[in-house]
Structure formats: structure tokens, C-alpha cells
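>>> model the following, please.
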Amino acid sequence: MTFSRKLLPTSLLAGALLGGGQLPMAAAQQPVPARRQHVPLDSIRLSDPFILADARTHTYYMTGTGGLLWQSRDLNYWDGPTPVAQPDPASWMGPKPSIWAAEIHAYRGKYYYFATFTNHALTADTVQGHPLERRATHVLMSNQPTGPYRPFGDATYLPANKLTLDGTFWVDKDGQPYLVYCHEWLQNQNGTVERIALKPDLRGTQGPAQVLFRASDSPWSRENPRTGPPRPNKVTDGPWVFHTQTGRLGMLWTSWVYDVYTQGVAYSASGTLAGPWRQEPTPITPPNYGHGMLFRTFEGKDLLVLHSHLDIKGNYHRVPHLFEADLSGDKLVIGQPYRP
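Below is the predicted model of the structure:
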């Protein structure tokens, strides 16, 4: 059975940790598959898909967990994958970090690679007697969307003893850039989504972090504790910030309903990243989908890309999917599956 800790239900993962079991290495450390051409989207195995619609090259670039890159002109057929991340092997990440939830953001003429790196050889903290590997969001940079993406700024963006993941990029109303990320539930026992200001050139962070909301704020997520009634899940996963066409500020994020991976959404009451954030009462997509992000096609159509999450004979099978997205009102409405 192969799985990524990041996508394992808390009930199962907690049992493995509390029972002293050893978790397998993340899929991101597997050998790079051979490059292929003209691959249909539904034939690609990928967790945490992210698509950049790059106006400069009129090409779609898709990345995600694993740190690999796919390219397409039509969203239907894809060429890849190719490795594009080149972190410093002498840094805290080590020579062979796992890479999760990579994103590519074009900003002021450069391309920035926001990703989660895990060094399996370092311990960041010990919680309830269990060592936790060092894991953090970091930012790399390139002059072109195809990379290579290399270090360009501070040695760390977030504290060494804080387990962070799924970092994304947002520029607020006042022009201030932010890193939005999750503080992992394995460490704090109630996962959070947080923000921290980035330096103007994105070379590092500045100022204190702010908690935007906690996993327990969710009215729809559920987990079964060992004793007592069901309660909100502990997991916060995959934040993605967006505006509706009316200017309302929203955020996609993912958790679990028992053993079902589930996509939710929240909205900011202030219209800024500071919030407060109000959770929608129900999930926004069908069950077994999550870690979504929004992008606009070159034809002007808004789409949601996310991965399905199915357990097939003990093997977690994750495939990118596209859904139509309606941003015309005050709330994001997800429509039918989109097939180019």
C-alpha cells in the first residue's frame, strides 16, 4: 500500500503514528517517469494539480506533488513530465527532499515556484513522543515557466520548528504580497490556514504570521475519535485564494468527511486576507475530490482543477480533473466536469 501522509485520513494516520508504525516515504521521491507526448489528462497520475495559463507562451503548465512539469496547448493532451525544481542540496532541504503541492506564479516578469519540501533526515519537532520530519513551504525562482527553479532568497521562509505545507501566493488590496499556508495538524493537533507577509521581491517573509482559520471551524468536516461522538476533522489542506467577479474574496481548502477527501470554501467578511473568514456550510464539489485551484483559459473560461482520491485495492489513485466554475456572483459555483 502506497500513500502520501498528506492525504491520509486522520483516523488512519493517527493510528499509524500512535501505534509506532513507520510511514512510507512520500511518492515525490520515486524515480522520474519517462517523458511522454500527447498524454490525455485523465491518464496522468498527479496529486495537488496546479495549472498556470501563461499568456507569454500561450501554454498551460501543470505541476503538483512530485515537483514535475507537464505542458499543453489545449488542456486535453499533455507532454511531460520533466523535473524543474533545483533546490540547494546544502540547504535545510537536503539532497533529496520530497516535494508536495507545487505551484507556479508569474509575478513582475519572473516565475515563482511555491512548494512544500520535506527533509526525511531532519526532525523538526517531537509531539506525543513521535518525531516529525522537517517540512516547510519555500519559494524558488526562474526567468521562464519551464524552469529550472532555483533558490534566490532567504534560507528559510518559515520557522525551522514549524511544520508548514501547501503554500500559495496572494497579493492583497493594498499591493502587499503574502504567503498563505497550512500549519500541519500533526504538530498543532488542529490544523490552521495562516498568512505571513512576503518581502516586496518575494525573497523572504517579514513580520508575524496570522491564523486565518482552524480546521475545527469547518461545519462539514468529520472524523471519528477513539471515544465520544464524531467531531470536526483536524486537517487543513490546499488553500487557494480567489475573487468572484463581484469582488468577494474567497478561499478554497480541503479536509475530510470521515474517510472521504472533500473540497470546501470560505469567504472573507472584510474582503481582505485578514478576514474574518466564514465557512460555507457544505462542500463545494462531489465527494472524493480535493486540493483545488482556479484558473482562466485563454478563451476566458473559468475552471477548477483538482484531483480525485480513490482507494483502489489499497493503492491511492489520484488523477487531475477539470470542472466548470462560475464566478459571476457573490459565491463560487462549481458546474459540470469540463472536457476540452
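>>> tally of neighbours for the closest residue to His309 other than its chain neighbours?
Residue nearest to His309 in three dimensions, not counting chain neighbours: Tyr261, with 3.9 Å by CB to CB, 6 or more residues apart in numbering. In this view, the C-beta of every residue, glycine as well, is placed from N, C-alpha and C. Residues lying near Tyr261 (other CB atoms under 10 Å) number 26.
>>> distance of Tyr261 from Thr254?
Tyr261 sits 7 Å away from Thr254 when distances are taken as CB to CB, to the nearest Å.
>>> who touches both of those two?
Residues touching both Tyr261 and Thr254 (CB atoms under 8 Å, 6 or more residues apart in numbering): Gly290.
>>> can you give me the helices in the stretch 151-300 of the chain?
In chain order, the stretch 151-300 of the chain shows helices spanning 185-188, with DSSP state H, counting those that start in this stretch as the criterion.
>>> now the strands for it?
Counting by DSSP state E, counting those that start in this stretch, the stretch 151-300 of the chain forms strands over residues 164-171, 177-183, 192-198, 205-214, 237-243, 249-257, 260-268, 277-279, 289-296, given from the N-terminal end onward.
>>> out of the ones you listed, deepest packed?
Per-residue neighbour counts averaged over each of the strands of the stretch 151-300 of the chain give the maximum for strand 249-257, namely a mean of 24 (mean count of other CB atoms under 10 Å).
>>> wait, what's in contact with the nearest residue to Lys199 once chain neighbours are set aside?
Using CB to CB, 6+ apart and skipping residues adjacent in sequence, the residue nearest Lys199 is Gln206, 5.6 Å away. With contacts defined as CB under 8 Å, 6+ apart, Gln206 is in contact with 196-199.
>>> mind putting those residues into JSON lines with distance to Ala124 and pLDDT?
Putting the contacts of Gln206 into JSON lines (distance: CB to CB, whole Å; pLDDT from 0 to 100) gives the following:
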{"residue": "Ile196", "distance to Ala124": "17", "pLDDT": "98"}
{"residue": "Ala197", "distance to Ala124": "23", "pLDDT": "98"}
{"residue": "Leu198", "distance to Ala124": "22", "pLDDT": "98"}
{"residue": "Lys199", "distance to Ala124": "23", "pLDDT": "98"}
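>>> which one of those is nearest Tyr149?
Taking CB to CB as the measure, Tyr149 sits nearest to Leu198 out of those, at 16.5 Å.
>>> that closest one bridge partners, please.
Applying DSSP bridges to Leu198 yields these beta-bridge partners: Thr205.
>>> wait, it sits on Tyr181?
No. Using CB atoms under 8 Å, Leu198 is not in contact with Tyr181, being 11.3 Å away.
>>> which residues in the stretch 1-150 of the chain form helices?
Taking DSSP H, counting those that start in this stretch as the criterion, the stretch 1-150 of the chain contains helices spanning 10-18.
>>> among the strands of the stretch 151-300 of the chain, which comes closest to Pro230?
Between those, strand 249-257 lies closest to Pro230; by CB to CB that is 9.7 Å.
>>> for the closest one, what is the distance to the chain centroid?
The chain centroid and the centroid of strand 249-257 are separated by 11 Å under CA atoms, centre = their mean, to the nearest Å.
>>> what angle do that strand and strand 289-296 make?
Comparing the axes of strand 249-257 and strand 289-296 via axes from the mean of the first three to the mean of the last three CA atoms, to 10 degrees yields an angle of 160 degrees.
>>> avg pLDDT for strand 249-257?
Averaging pLDDT along strand 249-257 yields 98.
>>> can you check stretch 326-338 too?
Here the average pLDDT along stretch 326-338 is 97.
>>> kindly report the same for stretch 176-189.
Throughout stretch 176-189, pLDDT has a mean value of 98.
>>> what is the longest strand seen in the chain packed up against?
Determined from DSSP state E, the single longest strand within the chain is strand 110-127. Secondary structure elements in contact with strand 110-127, counted by 3 or more CB pairs under 8 Å, 6 or more residues apart in numbering; DSSP states H and E, are strand 98-107, strand 130-142, strand 164-171, helix 185-188.
>>> dump the ones you listed into CSV; add distance to Asp54 as well.
Formatted as CSV, the helices and strands packed on strand 110-127 follow (distance: least, CB to CB, whole Å):
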stretch, distance to Asp54
strand 98-107, 7
strand 130-142, 12
strand 164-171, 15
helix 185-188, 34
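>>> list the contacts of the residue nearest to Val171 when sequence neighbours are not counted.
The shortest distance from Val171 to any residue that is not its chain neighbour, by CB to CB, 6+ apart, is 5.0 Å, and that residue is Pro177. Under the criterion of CB under 8 Å, 6+ apart, the contact list for Pro177 reads 107, 169-171, 197-198, 200, 202.
>>> of these, which is the nearest to Leu294?
For the contacts of Pro177, the residue nearest Leu294 by CB to CB is Trp170; the value is 12.5 Å.
>>> which residues touch the closest one?
177-178, 180, 195, 241, 273.
>>> just send those residues back as a markdown table, with distance to Gly329 too.
Below are the contacts of Trp170 laid out as a markdown table (distance: CB to CB, whole Å):
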| residue | distance to Gly329 |
| --- | --- |
| Pro177 | 27 |
| Tyr178 | 25 |
| Val180 | 24 |
| Arg195 | 25 |
| Val241 | 18 |
| Leu273 | 21 |
